[in-house]
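[1] using only what follows, build the 3D model:
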Amino acid sequence: MIDREHLAAGERLRQARETLGVSQEDFGEAIGLTQAGVSKCEAGRIPLRKLVLLAIEHVYGISGEWLQTGKGSMELAKGDAGTLEVAARLSPENLAVWQRIGRCLAQQDGDTGSKGKKRR
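    Numbering: from 1, shown residues only. Coordinates of the predicted model:
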């Protein structure tokens, strides 16, 4: 059974991705998910995890709060303090660690199609 909140968040994710004009595959690659993982998020079959939301904010400037709740603007304000500014200060090595942690957490909630994992 698909949770209504996950479905609504997935619909907003699809809207944001299509507004950006990015394929599911390209969108997912930039945040550490495969096309299948993005598809499952958009369909509401799996929730948008906090680290995935942070990655979307960092890479695309899309508000995680808007994705989760629909409140506020789709785009982060230019001077918006918080996770975007913190993520922007991460070294490439720490950003890679952050992305690996996000993939691991997403795996705990179900198969997100994370890269590098063989499915059985």
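[2] in this structure, what helix or strand scores lowest on average pLDDT?
    In the chain, the helix or strand scored least confidently by mean pLDDT, DSSP states H and E is helix 83-88, which has a mean of 54.
[3] mind showing which ranges of this structure have poor pLDDT?
    Low-confidence segments of the chain (pLDDT under 70): 1-2, 77-91, 95, 98-99, 101-120.
[4] contacting residues for L7?
    A43, G44 (CB atoms under 8 Å, 6 or more residues apart in numbering). Glycine gets a C-beta too; all of them are placed from N, C-alpha and C.
[5] any idea how far it lies from K40?
    Counting by CB to CB, to the nearest Å, the gap from L7 to K40 is 12 Å.
[6] show me what counts as buried in whichever strand or helix holds Q15.
    Q15 belongs to helix 4-20 when assigned by DSSP states H and E. Using 16 or more other CB atoms under 10 Å as the test for burial, helix 4-20 gives H6, A9, G10, R12, L13, R14, A16, R17.
[7] now do the helices in this protein.
    4-20, 24-31, 35-42, 50-60, 64-69, 83-88, 92-108 (DSSP state H).
[8] export those to JSON lines and tack on distance to E75?
    Below are these laid out as JSON lines (distance: least, CB to CB, whole Å):
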{"stretch": "helix 4-20", "distance to E75": "9"}
{"stretch": "helix 24-31", "distance to E75": "16"}
{"stretch": "helix 35-42", "distance to E75": "19"}
{"stretch": "helix 50-60", "distance to E75": "9"}
{"stretch": "helix 64-69", "distance to E75": "8"}
{"stretch": "helix 83-88", "distance to E75": "11"}
{"stretch": "helix 92-108", "distance to E75": "21"}
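[9] I46: neighbouring residues, count only.
    I46 has 22 neighbouring residues, counting by other CB atoms under 10 Å.
[10] sorry, slip of the keys, the one I care about is A96.
    12.
[11] what's the answer for D26, then?
    Applying other CB under 10 Å, I find that D26 has 13 neighbouring residues.
[12] so how far is G70 from it?
    Counting by CB to CB, the gap from D26 to G70 is 25 Å.
[13] go ahead and confirm V52 touches G28.
    No: here V52 does not reach G28: they are 9.8 Å apart, not a contact under CB atoms under 8 Å.
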